[in-house]
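Student: Give me coordinates for this.
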Amino acid sequence: MKFNTRKWVKPEDLNPNGTLFGGRLLEWIDEEAAMYTIIQLENPRIVTKFISEINFKSSAKKGDIVEIGITVTNFGKTSITLSCEVRNKMTHETIITIDKIIMVNLDKNGIPFPHGKTKIEYVKDRLNKAEEGDED
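Tutor: Next comes the predicted model:
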């Protein structure tokens, strides 16, 4: 799993217990899943369809740095399925896991649309392909 995004837990992110508010963490996860999917499917029009059981394993407190990891577990016809882990950057202690997040690719009218992807692609590889194509 690649951990691409880091968030610093600030006072406005805390619940009354003085730990990271779960809703704020879910907001960060949904945003990370959306950005990851937009990059993978090369389409800014995606939506979150489903998030499975959320397993809170530990908490974070003010000043902690958390990192969000996302990986693809399946490519559907119009969707991509991800899994997620959030952990404390310094201790690597897992804060939350989510086994299944389904993101759906949409056309310009907001209708699910086939994306044609079957494997993880990295932007650097796309850039290399584009540069190789320029040499012809």
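Student: Just confirm E32 contacts R6, I think it does.
Tutor: No: E32 is not in contact with R6 according to C-beta atoms under 8 Å; the separation is 10.5 Å. Every residue, glycine included, has its C-beta placed from N, CA and C.
Student: Just checking: what are the partner strands of the strand or helix carrying I101?
Tutor: Here I101 sits within strand 94-105, counting by DSSP states H and E. Under the criterion DSSP bridges, strand 94-105 sits next to strand 46-51 (antiparallel), strand 54-56 (antiparallel), strand 79-88 (antiparallel) in its sheet.
Student: just checking, next helix/strand downstream of the shortest one?
Tutor: So the one you mean is strand 54-56. As assigned by DSSP H and E, the chain's next helix or strand after strand 54-56 is strand 65-75.
Student: tell me which residues in that following strand are buried?
Tutor: In terms of neighbour count (16 or more other C-beta atoms under 10 Å), strand 65-75 has its buried residues at V66, E67, I68, G69, I70, V72, F75.
Student: how about those residues in TSV, adding pLDDT and distance to C84?
Tutor: Shown next, in TSV, are these (pLDDT from 0 to 100; distance: C-beta to C-beta, whole Å):
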residue	pLDDT	distance to C84
V66	98	12
E67	97	11
I68	97	7
G69	97	7
I70	96	5
V72	96	11
F75	97	17
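Student: got CSV for those, with distance to L14 too?
Tutor: Output for the buried residues of strand 65-75, formatted as CSV (distance: C-beta to C-beta, whole Å):
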residue, distance to L14
V66, 13
E67, 18
I68, 18
G69, 23
I70, 24
V72, 32
F75, 37
